[in-house]
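> need a 3D model of the sequence below.
(chains A and B)
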Protein chains: 2
Amino acid sequence: MTRTRFHEGLDELKDRLLRMAGMAEQSITRAINAYRERDRDQCKLVFASEAAINADEREIDELAVDLLALQQPMAVDLRFILAVIKINADLERVGDQAVNIAERVEQLLTVPAVELPIDIPLMAETASKMIRMALESFVLGDADLAEQVLTMDDTVDRMNHDIADVMIELIKKSPQVTEQAMDAIIIARNLERVGDHATNIAEDVIFWVRGADVRHHLGRS
Amino acid sequence: MTRTRFHEGLDELKDRLLRMAGMAEQSITRAINAYRERDRDQCKLVFASEAAINADEREIDELAVDLLALQQPMAVDLRFILAVIKINADLERVGDQAVNIAERVEQLLTVPAVELPIDIPLMAETASKMIRMALESFVLGDADLAEQVLTMDDTVDRMNHDIADVMIELIKKSPQVTEQAMDAIIIARNLERVGDHATNIAEDVIFWVRGADVRHHLGRS
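Below is the predicted model:
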């Protein structure tokens, strides 16, 4: 394989990863729309996307393995490929979180709708924005932007805690809405995990861009 | 680097990963002991281990990068190194789950102890056994053993659901123990995630051992 073909391979790897990121983010959006609109059809779209996302993950891994096997990459390309492999695993798990949320929504559809004093869609929008920013930092190779994602994770964690606190108080006062409140707590926790995956992706971007610095901090060079 | 030095590097990589797995599993054990014995000291040991586990993860990644950079690995070695990189990330997150459990136990120590009709230690033992079996399948390169881990995940998922169901019924009857019951639900979910990480590790072992077969199923070769 020529150097040019190799770099075409890297470009393809990046494109495929971005397409997969788009699918994962779309699944989260659909799962939250399903929650907001009590819409079983959007749950089904999320379940249907899961197999496609899983197949994408495996194919991206294979492409990365092929690139590593066919050409001795330079250090910077090597770190890029490894970052792709790790980001790939996190995106697949974002898709899993969308499935978890959609399953929870299906359960919610079996109990009466209640108005809850929390804002799940706002939390979802924040977590999704973290994913988009993490991917943008990857495309741009921008470690500073990746660091902004790390700080946003505190916001999402706080939203998660606040929602849990409000729901526990509600359960104590109104045990008849325990199921609905529990489902909200669990959906919030799923969104918090989406934020964790965005954080992982941002850390991988920092590892890729600033590889030497990270080692320095560990006192190994 | 000679071929022999390279294989020594692979051995070191495996040894370090196994040591890290031991630490991660120990953290889960300590977190569950802390839960069972209401022991804040064991929580502190879990928090202290987190930094060591995170540093280990980074160093194992660096060692893997060095091996990839310094020698063009053969396909089987390449897949092995990539499996290590992925397993490494999962083990670090097992450590995170131990931290999550220990944080929850600290919260539990602020409310009165209540006897709950569930068996968290049994669930923890099952999830830990999955981690041990997944690592054993990695050491032996045994894809059949890895597949047994995948089936055990259903058991852990069922335990998680059962604990949640029992706790929700309890909350409805006895809202005054909502905190304790919620903490049990969340600890069970953390253990379920430990099972998920064991599943991921087992899948990585299968990917490593049966790389060609996986591609075949995707219709790419």
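> which residue packs closest to the residue nearest in space to the middle of chain A, ignoring adjacent ones?
Residue closest to the mean C-alpha point of chain A, counted by CA atoms, centre = their mean, is residue A:94 at 3.8 Å. Closest residue in space to residue A:94, ignoring its immediate chain neighbours: residue A:24 at 4.2 Å, by CB to CB, 6 or more residues apart in numbering or on different chains. Yep, even glycine has a C-beta here, placed from its N, CA and C like the rest.
> please apply the same query to residue A:54.
residue A:92 (6.4 Å).
> so who does the one you found touch?
Contact partners of residue A:92, counting by CB atoms under 8 Å, 6 or more residues apart in numbering or on different chains, are A:20, A:24, A:53-54, A:56-57.
> list only buried entries from these.
A:20, A:24, A:53, A:56-57 (16 or more other CB atoms under 10 Å in any protein chain shown).
> in JSON lines: these, plus secondary structure.
Formatted as JSON lines, the buried ones among the contacts of residue A:92 follow (DSSP: H, G, I helix; E, B strand; the rest coil):
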{"residue": "A:20", "secondary structure": "helix"}
{"residue": "A:24", "secondary structure": "helix"}
{"residue": "A:53", "secondary structure": "helix"}
{"residue": "A:56", "secondary structure": "helix"}
{"residue": "A:57", "secondary structure": "helix"}
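> check contacts around the residue nearest to the centre of chain A.
Contacts of residue A:94 (CB under 8 Å, 6+ apart): A:24-25, A:27-28, A:131, A:194, A:197.
> try it again with 7 Å
Each residue near residue A:94 by CB atoms under 7 Å, 6 or more residues apart in numbering or on different chains is listed here: A:24, A:28, A:131, A:194, A:197.
> now, which of those residues sits nearest chain B?
Chain B lies nearest to residue A:197 out of those, by CB to the nearest CB, at 10.5 Å.
> show me which of the contacts of residue A:92 is closest to residue A:126.
Residue A:126 lies nearest to residue A:24 out of those, by CB to CB, at 16.0 Å.
> give me the below-cutoff pLDDT ranges for chain A.
A:1, A:212-221 (pLDDT under 70).
> which parts of it sit against chain B?
A:55, A:58-59, A:62, A:65, A:68-69, A:72, A:75, A:78-79, A:82, A:85-86, A:89, A:168, A:171-172, A:175, A:178-179, A:182, A:214-215, A:218, A:220 (CB under 7 Å from any CB of the partner chain).
> going through those, which ones are buried?
Looks like the residues of chain A next to chain B have A:58-59, A:62, A:65, A:68-69, A:78-79, A:82, A:85-86, A:89, A:168, A:171, A:175, A:178-179, A:182, A:214-215 buried, using 16+ other CB under 10 Å.
> and the contacts of residue A:92, which two are furthest apart?
A:24 and A:54 (11.0 Å).
> quickly list what's touching both of the two.
With CB under 7 Å, 6+ apart, residue A:24 and residue A:54 have no common neighbours.
> if we can go back for a sec, tell me which element the residue nearest to residue A:54 is part of?
helix A:75-108 (DSSP states H and E).
> could you give the angle of that helix to helix B:75-108?
Angle, helix A:75-108 to helix B:75-108, by axes from the mean of the first three to the mean of the last three CA atoms, to 10 degrees: 50 degrees.
> for the helix or strand following helix A:75-108, packing partners?
Using DSSP H and E, the helix or strand that follows helix A:75-108 in sequence is helix A:120-140. Packed against helix A:120-140 by the contact rule (3 or more CB pairs under 7 Å, 6 or more residues apart in numbering or on different chains; DSSP states H and E) you find helix A:3-37, helix A:143-173, helix A:178-209.
> if we go to 8 Å?
Packing partners of helix A:120-140 (3 or more CB pairs under 8 Å, 6 or more residues apart in numbering or on different chains; DSSP states H and E): helix A:3-37, helix A:75-108, helix A:143-173, helix A:178-209.
> save the ones you listed as TSV, and put in distance to residue B:207 too.
Shown next, in TSV, are those (distance: least, CB to CB, whole Å):
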stretch	distance to residue B:207
helix A:3-37	17
helix A:75-108	11
helix A:143-173	27
helix A:178-209	19
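> pick the most deeply packed of these.
Ranked by mean neighbour count under mean count of other CB atoms under 10 Å in any protein chain shown, the helices and strands packed on helix A:120-140 are led by helix A:178-209, which reaches a mean of 23.
> which other helices and strands contact it?
helix A:3-37, helix A:75-108, helix A:120-140, helix A:143-173, helix B:143-173, helix B:178-209.
> so which of those is nearest residue B:112?
The nearest among the helices and strands packed on helix A:178-209, by CB to CB, is helix B:178-209 at 7.9 Å.
> surely residue A:32 touches residue A:124?
Yes - Residue A:32 sits in contact with residue A:124 when judged by CB atoms under 8 Å, with a separation of 4.2 Å.
> looking at it, residue A:192 is touching residue A:158, isn't it?
No - Residue A:192 lies out of contact with residue A:158 (CB under 8 Å); the separation is 9.8 Å.
> once you drop chain neighbours, what's closest to residue A:36?
residue A:121 (5.8 Å).
> any idea how far residue A:128 is from that neighbour?
The gap separating residue A:121 from residue A:128 is 10 Å, by CB to CB, to the nearest Å.
> same deal with residue A:6?
Counting by CB to CB, the gap from residue A:6 to residue A:128 is 33 Å.
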